[in-house]
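Student: Sequence and predicted structure, then a few things I'm wondering about:
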Amino acid sequence: MSDEKTDWALVDEIKAGDDRAFDALMERHKRPILNFVYRMLGHASQAEDVVQEVFVRTYQTIRKPGFHQTTEEFSHWLFRVARNAALDGLRRRTRRAEVPFDSATPMAVSTSLPAGREVENREIGERISAAVAELPEDQRTALLLAEYQGLSYGEIARIMRSSKKSVESRLYRAKRNLRGKLTDLLNSG
């Protein structure tokens, strides 16, 4: 629809006191932000709490007098807020050797395989999720933004406040680490 308002137009309306504009902005971005935070944290309920926090922070920041439109896309700014909130959530959680993931929603389960392989698919998805969870935070963030959000290296660099080369390096190391952790899966296919 061509008459759909841009994110920054909605931000202007929010600053003017229109809470319906905030609802529209939240509705537009909630799913990708929730997916990203969930993949960072691995717990659905904690991810939902963090996403609520992200949108509270977003609303409060937008309503501050000094907040203004920048040259970056609003979604890049929002992903940065989400990343920081997810990292805060990880810090609050007691450290464990492995970040547990909900087995109900593994990261990579192919739906094109026969139904008889459903259990195997779930196990593979859980192994991939666990391997991603073990990556260093910078590699995990870059991988999730690239592979699950479909962002370009430039967009990821803006969100992570780093260079494209740094993003490229993080993605290379993340994929190398995953190959090492999942060698048996890769060789069995």
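Tutor: Received, thanks.
Student: Would you mind identifying the next helix or strand past the helix or strand harbouring residue 88?
Tutor: When secondary structure is defined by DSSP states H and E, residue 88 falls within helix 74-92. With elements assigned by DSSP H and E, the helix or strand that comes after helix 74-92 is helix 118-133.
Student: so what does that next one touch, helix or strand wise?
Tutor: Taking 3 or more C-beta pairs under 8 Å, 6 or more residues apart in numbering; DSSP states H and E as contact, the helices and strands that helix 118-133 lies on are helix 137-143, helix 164-181, helix 183-188. Heads up, the C-betas are built off the backbone N, CA and C, glycines and all.
Student: least reliable of these going by mean pLDDT?
Tutor: Confidence, taken as mean pLDDT, is least for helix 183-188 of those (a mean of 75).
Student: So which residues make contact with that helix?
Tutor: The list of residues contacting helix 183-188 from outside it, by C-beta atoms under 8 Å, 6 or more residues apart in numbering, reads 124, 127-128, 179.
Student: Among those, which one is most surrounded by other residues?
Tutor: Per-residue neighbour counts (other C-beta atoms under 10 Å) across these peak at residue 124, which has 21 neighbours.
Student: so how far is residue 24 from it?
Tutor: Relative to residue 24, residue 124 is positioned 38 Å away (criterion: C-beta to C-beta, to the nearest Å).
Student: same thing with residue 85?
Tutor: Counting by C-beta to C-beta, the gap between residue 85 and residue 24 amounts to 21 Å.
Student: Tell me which of these two has more neighbours.
Tutor: Taking neighbours as other C-beta under 10 Å, residue 85 and residue 24 compare with residue 85 leading, 24 against 17.
Student: from what I can see that one touches residue 37, true?
Tutor: Yes. With contact defined as C-beta atoms under 8 Å, residue 85 and residue 37 form a contacting pair (7.2 Å).
Student: I'd say residue 8 and residue 72 touch.
Tutor: No. When contacts are counted by C-beta under 8 Å, residue 8 is not listed as touching residue 72 (10.2 Å).
Student: by contact count, what packs against the helix or strand harbouring residue 32?
Tutor: Taking DSSP H and E as the criterion, the element that holds residue 32 is helix 19-41. Contacts of helix 19-41 with other secondary structure elements, assessed using 3+ C-beta pairs under 8 Å, 6+ apart, are made with helix 7-15, helix 44-63, helix 74-92.
Student: and the residue nearest in space to the middle of the chain, how far is that from residue 47?
Tutor: When the chain is reduced to its mean C-alpha position, the nearest residue by C-alpha atoms, centre = their mean turns out to be residue 36, at 1.8 Å. Distance from residue 36 to residue 47, counting by C-beta to C-beta: 9 Å.
Student: Give the intersection of the neighbour lists for the two.
Tutor: Residues touching both residue 36 and residue 47 (C-beta under 8 Å, 6+ apart): residue 86.
Student: In this protein, where is pLDDT below threshold?
Tutor: In the predicted model of the chain, residues 1-3, 93-119, 188-189 satisfy pLDDT under 70.
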